[in-house]
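**Student:** prediction below, plus the sequence it came from.
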Amino acid sequence: MRAPDEITADEIDRRSRSALEVPLLRFLKASLVDRVDGCWSIGLPPSDNALNAVDALHGGVIATVLEVAAYLAAVPHLSAEEEAVTIAFAASYMAGAPSGEQLRASGSLIRRTRGLAFAAAELRCDSGLLAFATVTKAIRPPSATV
């Protein structure tokens, strides 16, 4: 059996851009920002599309960007023949987002095993930490993620 191919910087960028091309993230106007150690963060501009019925940042929007930020943290640690899909997610919401502030979600890989990746993600604004999540990803061949 041959060793898995290393993932290239171009492939990391392609997968990261692809993760933000889903309709929901385009609707939210999410973008890639601040690439650090091969891992992109997500910028989320203030937008009515991200608000709930009481004009606060929607909890589902927060969960979505945290889950994707965790994926972005896992991508540099995958081989070219692997993909990561979420199998567990837990979030804590610590503060409301002040009106009009740019939001930034970033992730970090905690541990990678042969079949799992454990990641953390946080959502921040200028005034501090808004939410934190732990995310477990199953590592699978791309054809098995459908």
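**Tutor:** Everything's here; your move.
**Student:** using PDB, write out every CA atom in the lengthiest helix in the chain.
**Tutor:** Secondary structure of the chain per DSSP state H: the longest helix is helix 59-74. C-alpha atoms of helix 59-74 as PDB (Å, rounded to 0.1, in the frame of the first residue of the first chain):
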ATOM      1  CA  GLY A  59     -27.300  31.100  17.000                       C
ATOM      2  CA  GLY A  60     -27.400  29.000  13.900                       C
ATOM      3  CA  VAL A  61     -25.200  31.400  12.100                       C
ATOM      4  CA  ILE A  62     -22.700  31.200  14.900                       C
ATOM      5  CA  ALA A  63     -22.800  27.400  14.900                       C
ATOM      6  CA  THR A  64     -22.300  27.400  11.100                       C
ATOM      7  CA  VAL A  65     -19.200  29.600  11.100                       C
ATOM      8  CA  LEU A  66     -17.700  27.700  14.100                       C
ATOM      9  CA  GLU A  67     -18.200  24.400  12.300                       C
ATOM     10  CA  VAL A  68     -16.600  25.600   9.100                       C
ATOM     11  CA  ALA A  69     -13.700  27.200  11.000                       C
ATOM     12  CA  ALA A  70     -13.000  23.800  12.600                       C
ATOM     13  CA  TYR A  71     -13.000  22.300   9.200                       C
ATOM     14  CA  LEU A  72     -10.500  24.900   7.900                       C
ATOM     15  CA  ALA A  73      -8.300  24.000  10.900                       C
ATOM     16  CA  ALA A  74      -8.400  20.300   9.900                       C
END
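**Student:** tell me which residue is most central in this structure.
**Tutor:** Residue closest to the average C-alpha location in the chain (CA atoms, centre = their mean): residue 69, at 1.6 Å.
**Student:** ok, that one touching residue 105?
**Tutor:** Yes - Residue 69 lies in contact with residue 105 (CB atoms under 8 Å); the separation is 4.0 Å. For the C-beta atoms, the positions are set from N, CA and C on the backbone; glycine is no exception.
**Student:** common neighbours of those two, please.
**Tutor:** Taking CB atoms under 8 Å, 6 or more residues apart in numbering as the criterion, residue 69 and residue 105 both touch 41, 42, 121, 122, 123.
**Student:** adding secondary structure and pLDDT, write those residues out as CSV.
**Tutor:** Below are the shared contacts of residue 69 and residue 105 laid out as CSV (DSSP: H, G, I helix; E, B strand; the rest coil; pLDDT from 0 to 100):
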residue, secondary structure, pLDDT
41, strand, 94
42, strand, 97
121, strand, 97
122, strand, 97
123, strand, 97
